[in-house]
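J.: Next comes the sequence, and after it the predicted model I'd like to discuss.
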Amino acid sequence: MGNCSYFQNDLEQAIQYINKGLEAYDESKEREQIKYNLFSNKIFYLINSSRSDEAFLILNEIWPLRSKIDKNNGALLDLYTFRASLFRDRGMNEEAIQVCEEGLKIAKSVRRRNRYLDLLTILGSIHLYQKDFDTAYDRFHLVLTLDSDFKHPRRHVEAHTWLGILHNSKKEWNLAREHLEKAIQISRETPNVLSCAKALIAMGNLYAFQEQYAEAIPFYQEAADLCEKRYKHRQYTALLKKAYCFVKMGKTDDADFVDCLKTKLDLEIILRLKSEDEVYEIL
């Protein structure tokens, strides 16, 4: 039921179902592993709701119990993936790298290619944060190479998006455009709203960084439209960047700019935030 709610764009309802499952769980009965799946899903939904602090607290509680989780239970590698990304987002790069390396060994031993690719992508993003462009580049391309049969398209979207961000940061515009176009194309065909929106925002950045603000706006708007139902935090990011373009063009009296600000203000009230826990460029 939690998964059903998630796919129906209702993350709050999804979390409520998980909470009911945890309340109903009986430690004295069999099927202990299901508890870890419930926790894993709750952490996932919280992260997707940009409630990463709550997710991190739960993960810290469950992390010491990871030795009790069956290696063939997907929840184990999910926890490694979440922990690595949360450490990364907090600037705890060495801790994140250690978690990635431990997770990669497990993923390889149980032949979970999807999680292996996820952890490789996170590892590449950590090196990108550290401006180790060559190592990051190698990790992202390794993701594409290891999934040459294209069984996991979302991982291609993420690898191409990160490569776009990498080339954007180096002002290699043509290479950035090539990777971001691939990411957007794949994500539209899959489809994957969250990944597509990130690629669209990165593409908007490609033009905005070159002061081509009018060209950037449609990408930010499409990202905002995609995220309206489920991912309001990412919608906010897209609108913030769109508003910036109008300001840089000196078109603050434009009706579209006014509508953008109104929607952005509504989101600030609803979400009580200034931005999301996500990175789109390396400065």
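T.: Happy to help now that I have it.

J.: Not counting the least confident helix or strand in the chain by mean pLDDT itself, show me its contacts.
T.: Sorting the helices and strands of the chain by mean pLDDT, DSSP states H and E puts helix 255-271 at the bottom, at a mean of 87. Helix 255-271 is contacted from outside by 50, 224, 232-233, 235-236, 239-240, 242-243, 246, 251, 274, using Cβ atoms under 8 Å, 6 or more residues apart in numbering. Quick note: C-beta positions are derived from backbone N, CA and C, even for glycine.

J.: buried subset of those residues?
T.: Those of those that meet the buried threshold are 50, 224, 232-233, 235-236, 239-240, 242-243, 246, by 16 or more other Cβ atoms under 10 Å.

J.: and the gap between residue 142 and residue 133?
T.: 15 Å (Cβ to Cβ, to the nearest Å).

J.: from what I can see residue 135 touches residue 129, true?
T.: No - with contacts counted by Cβ atoms under 8 Å, residue 135 stays clear of residue 129, the gap being 11.3 Å.

J.: which one of the buried ones among the contacts of helix 255-271 is nearest residue 281?
T.: Closest to residue 281 out of the buried ones among the contacts of helix 255-271 is residue 240 (13.4 Å), distances taken as Cβ to Cβ.

J.: quick one: the nearest residue in space to that closest one that is not next to it in sequence and residue 239, what's the gap?
T.: Excluding its sequence neighbours, the residue lying closest to residue 240 (Cβ to Cβ, 6 or more residues apart in numbering) is residue 264, at 6.4 Å. Relative to residue 239, residue 264 is positioned 5 Å away (criterion: Cβ to Cβ).

J.: which residues do the two both contact?
T.: Counting by Cβ under 8 Å, 6+ apart, nothing touches both residue 264 and residue 239.

J.: helix, strand or coil for residue 139?
T.: Look at residue 139: counting by DSSP: H, G, I helix; E, B strand; the rest coil, its state is helix.

J.: number of nearby residues for it?
T.: 23 (other Cβ atoms under 10 Å).
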